[in-house]
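# Here's a sequence, model it:
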Amino acid sequence: QVQLVESGGGLVQPGGSLRLSCAASGIIFNYYTMGWYRQAPGKQRELVARLTGSGSLYYGDSAKGRFTISRDNAKSTVYLQMNSLTPEDTAGYYCNAAHPITMRDYWGQGTQVTVSS
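Have a look, this model is predicted:
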């Protein structure tokens, strides 16, 4: 059974930082493309950042220059370091694991990030 468990969300002031974590089980983690998505109320889910098993990176426009995705294959965990947060970053953040060939993917339950003073 595949499980993706996110943690690290919370309330932060504008300009602050958070680090999200997503611990995976039930997949060959090294092989999978790991991604972070977010969804704000009334908006579509959008890709924030993605990191393949071979190390290829992709960042959405909202993340460039502020967010960093990384992975620790030994811990089967992917991280999202978020800096210089603004209220526009407020959203549910979801971890995604995608098989690089079949594209079968899995989702975590999400962790809420709220940026507010």
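
# drop to CA atoms for contacts and neighbour counts, all remaining ones
Noted.

# Which residue is the nearest non-sequential neighbour of the residue nearest the centre of the chain?
Note on the chain: the residue nearest the mean C-alpha position is residue 36, at 2.5 Å, using C-alpha atoms, centre = their mean. Spatial nearest neighbour of residue 36, chain neighbours left out: residue 95 (4.8 Å); criterion: C-alpha to C-alpha, 6 or more residues apart in numbering.

# Need the three-state assignment for the one you found.
strand (DSSP: H, G, I helix; E, B strand; the rest coil).

# just the strands in this protein please.
3-7, 10-12, 18-25, 33-39, 46-51, 57-59, 67-72, 77-82, 91-98, 105-107, 111-115 (DSSP state E).

# returning to that earlier point: contacts only, for the residue nearest to residue 36.
Applying C-alpha atoms under 8 Å, 6 or more residues apart in numbering to residue 95 gives the contacts 4, 5, 6, 22, 34, 35, 36, 37, 107, 108, 109, 110.

# Hmm, residue 97 and the fifth one touching each other?
Yes - using C-alpha atoms under 8 Å as the test, residue 34 is close enough to residue 97 to be in contact (4.7 Å).

# if we can go back for a sec, and the strands of the chain as a markdown table, adding mean pLDDT?
Below are the strands of the chain laid out as a markdown table (pLDDT from 0 to 100):
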| stretch | mean pLDDT |
| --- | --- |
| strand 3-7 | 97 |
| strand 10-12 | 98 |
| strand 18-25 | 98 |
| strand 33-39 | 98 |
| strand 46-51 | 97 |
| strand 57-59 | 96 |
| strand 67-72 | 98 |
| strand 77-82 | 98 |
| strand 91-98 | 98 |
| strand 105-107 | 97 |
| strand 111-115 | 98 |
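
# Residue 115: what's it in contact with?
Contacts of residue 115 (C-alpha under 8 Å, 6+ apart): 11, 12, 13, 14, 85, 86, 87, 88, 89, 90.

# can we see that at 6 Å?
11, 12, 13, 14, 87, 90 (C-alpha atoms under 6 Å, 6 or more residues apart in numbering).

# so what's the nearest residue to residue 104 once chain neighbours are set aside bridging to?
Excluding the flanking residues, the one nearest residue 104 by C-alpha to C-alpha, 6+ apart is residue 98, at 5.7 Å. According to DSSP bridges, the partner residues bridging residue 98 are residue 33, residue 105.
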